[in-house]
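*Asks:* Sequence and predicted model, in that order:
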Amino acid sequence: MQKPIRVGIVGCGNAAVFHYASFLRVTGIPVQVVGVTSLQKSRREAFAARCGIRAFDSLADLLSEVDVVDNCTPGYAHEPVSIAAYEAGKHVIVEKPFTGYYGPSDDPAFAGNRFPKETMLAEAVSSACRVISAARKSRRKLCYAENWIYAPAVQKEAEILAKGKGQILWALGGQSHSGSPSPAYGIWKLSGGGSVVGKSCHPLSALLYLKQIEGATRHGRPIRPRTVSARTHEITRVPAFVNKGFLRTDYTDIEDYCQIHLTFEDGMVADIFASEIVMGGVHNWLEIFANNHRTRCNMSPCNAMELYNPQEDQLSDVYLMEKLGTKQGWSNPAPDEYSTFGYPQEIQDFIEAVAMDRQPKSGMLMASDTVAALYAAYVSAERRGVEVDIPLDVTLE
Ligand SMILES: NC(=O)c1ccc[n+]([C@@H]2O[C@H](COP(=O)([O-])OP(=O)(O)OC[C@H]3O[C@@H](n4cnc5c(N)ncnc54)[C@H](O)[C@@H]3O)[C@@H](O)[C@H]2O)c1
């Protein structure tokens, strides 16, 4: 009997919930989630009790019992937790954003939206380099948990692109909703930014992945991103904003809207929108305009089901879709949202990568290109949309 791969989860918030559920769905390879650690004892103990796993008082205690560290902390802790795990010889799964810039540790007055973005870009790229170097030195896997890459709609488009030998000319996509449930989100020194790093990362990474597939199929090497032009806004903090109570508004120093125009090294383009000001459930979408096909990936709302519910409270115990807002009237329930979003598929790939000693679909290249593009977007936004080169020399893969 093969020994199970032992996993320890760091953080017990929203991401930890769907990661844990996804480990339970892994097939073909025995996996055991041993335990969890986090900052607050009562919360980790409650999470551990719900899952029937151990609650560890510290990362050090957890490290000695596991093979894989699943880093579900907010962005500011991604680098220190991941590096500690590599130094202990563990494989690491790290949630998005891979890493970023979280301000100087000795400046309590740090406000990310006013801080020079060139410095942020350089520091974010250095942080990515440090994690990647630690992974390489330890010869352990770096699994970047960008679930969009594993979403069935994105994987189907990858197949259509590869087998049809298509070329993406223009792509359009976005992620928006009415505001993250995480208390860390909205404070730059914890989250590393707002809509750019928190939401646009998803469609961005999916597009980087598809251009990598296109390049590998047609030329034997990935097509990388080259430049970015971006605008960011703080819509819910504009004095004229009228708050009707349906959107989260307690952000301190992050943007709640962004648009990003990306060019690739083959001269093709993409446009990405992300925001915290959209009602009606999480809006995850991607549209591909290729030279031989056109695809719409409707990840959320996904239109597998249409429901009319005349009375809100009769479905109070039924989950319909992420951040729907109301269950009354017409909606598109997601029959298996975790799967539509790619969560179980990403965890399956990561466990297989560890067990079979191969690279995951979403690894170092994806993680580092995403960080470089996102923080180059902040430099552009600071200059009100001027085109900025994406520094890709960080990529070590
Ligand atoms: N892929 C997705 O769809 C998706 C969805 C939600 C969150 N995320 C990402 O997952 C990460 C976590 O987000 P969340 O919403 O679960 O956050 P959260 O605020 O709900 O939970 C964060 C958890 O991390 C713990 N933590 C913080 N710093 C720590 C440290 N230094 N050591 C140990 N534990 C620490 C906290 O105690 C808490 O349990 C973020 O990077 C977020 O961007 C991804």
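*Replies:* Arrived safely.

*Asks:* Can you give me the neighbour number for the residue of the chain found nearest the ligand?
*Replies:* Residue nearest to the ligand within the chain: residue 13 (2.0 Å; C-beta to the nearest ligand atom). To be clear about C-beta, it is placed using only N, CA and C from the backbone, and glycine gets the same treatment. Look at residue 13: counted by other C-beta atoms under 10 Å, it has 16 neighbours.

*Asks:* For it, which non-adjacent residue is closest in space?
*Replies:* residue 182 (6.0 Å; C-beta to C-beta, 6 or more residues apart in numbering).

*Asks:* Please name the nearest non-neighbouring residue to residue 150.
*Replies:* Distances taken as C-beta to C-beta, 6+ apart place residue 342 nearest to residue 150, at 3.3 Å, with adjacent residues excluded.

*Asks:* any idea how far residue 154 is from the one you found?
*Replies:* 7 Å (C-beta to C-beta, to the nearest Å).

*Asks:* Give the residues shared as contacts by these two.
*Replies:* By the contact definition C-beta atoms under 8 Å, 6 or more residues apart in numbering, residue 342 and residue 154 are jointly contacted by residue 148.

*Asks:* The most centrally placed residue in the chain: what's it in contact with?
*Replies:* Centroid-nearest residue in the chain: residue 96, 3.5 Å away (criterion: C-alpha atoms, centre = their mean). Taking C-beta under 8 Å, 6+ apart, we find residue 96 in contact with 144-146, 201-202, 205, 370.

*Asks:* now residue 270
*Replies:* Contacts of residue 270 (C-beta under 8 Å, 6+ apart): 168, 170-173, 207, 261-262, 264.

*Asks:* Mind doing that once more with 7 Å?
*Replies:* Contacts here follow C-beta atoms under 7 Å, 6 or more residues apart in numbering; on that basis residue 270 touches 170-171, 207, 262.

*Asks:* Filter those down to the buried ones.
*Replies:* 171, 207, 262 (16 or more other C-beta atoms under 10 Å).

*Asks:* For this structure, give me the ranges with low pLDDT.
*Replies:* Confidence mapping of the chain against pLDDT under 70 gives the ranges 1, 394-397.

*Asks:* what's the longest helix seen in it in contact with?
*Replies:* The longest helix of the chain (DSSP state H) is helix 117-138. Contacts with helix 117-138, where a contact means C-beta under 7 Å, 6+ apart, come from 79, 82-83, 86-87, 89, 92, 98-101, 142, 364, 367-368, 371-372, 375-376, 378-379, 382, 391, 394, 396.

*Asks:* neighbouring strands for the next helix or strand after that helix, and are they parallel or not?
*Replies:* Where DSSP states H and E defines the elements, the next helix or strand beyond helix 117-138 is strand 142-145. Sheet pairing of strand 142-145 (DSSP bridges) gives strand 91-95 (parallel).
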